[in-house]
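> Quick one: sequence plus predicted model below, questions after.
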Amino acid sequence: MEGPTLEVDRIRCDGHGLCAELLPELIRLDDWGYPLVRPVPVPGPLVGHARRAAAACPLLALRLRQGSR
Ligand code: SF4
C-alpha cells in the first residue's frame, strides 16, 4: 500500500503559507503564496510532519488522504 497523499482544498485555502513552512520537503508556494503540493505519496519519515502541517492549517484546507492502493 502506498503512503498517504496531501490535498489542498483550493476553495478554502487563502494562501497563508504556513503549510509550506512546516513541510518544505513537499510543499512550496507559487508566486501568489498558494501552496503547490508534490503529487507523490508522503514518504514514511514525513508522515508525522504532514499530519502536523494539515492540523496546523487555520482553514482546514490541507488534508492527508490515505492511499487507496
Ligand atoms: S496553511 Fe492552509 S490556508 Fe495556509 S496556504 Fe497552507 S493550505 Fe492554504
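Here it is on my side, so go on.
> Disregarding flanking residues, what is the spatial nearest neighbour of the residue nearest to the spatial centre of the chain?
Per Cα atoms, centre = their mean, the C-alpha nearest to the average position across the chain is that of residue 6, at 4.5 Å. Counting by Cβ to Cβ, 6 or more residues apart in numbering, residue 37 is the residue found nearest to residue 6 once chain neighbours are left out, at 4.8 Å. For the C-beta atoms, the positions are set from N, CA and C on the backbone; glycine is no exception.
> In the helix ranked longest in the chain, which residues are buried?
In the chain, taking DSSP state H as the definition, the longest helix is helix 47-56. Across helix 47-56, burial judged by 16 or more other Cβ atoms under 10 Å covers 50, 53, 54.
> just stretch 30-38 next, same as before
Buried, per 16+ other Cβ under 10 Å, within stretch 30-38: 35, 37.
> What of stretch 18-25?
Buried residues in stretch 18-25 (16+ other Cβ under 10 Å): 18, 19, 20, 22, 23.
> Dump these into a markdown table; add distance to residue 58 as well.
Formatted as a markdown table, the buried residues of stretch 18-25 follow (distance: Cβ to Cβ, whole Å):
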| residue | distance to residue 58 |
| --- | --- |
| 18 | 7 |
| 19 | 10 |
| 20 | 14 |
| 22 | 12 |
| 23 | 15 |
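> helix/strand/coil for residue 36?
At residue 36 the chain is in strand, as set by DSSP: H, G, I helix; E, B strand; the rest coil.
> Could I get the contacting residues of it?
Contact partners of residue 36, counting by Cβ atoms under 8 Å, 6 or more residues apart in numbering, are 27, 28, 29, 30.
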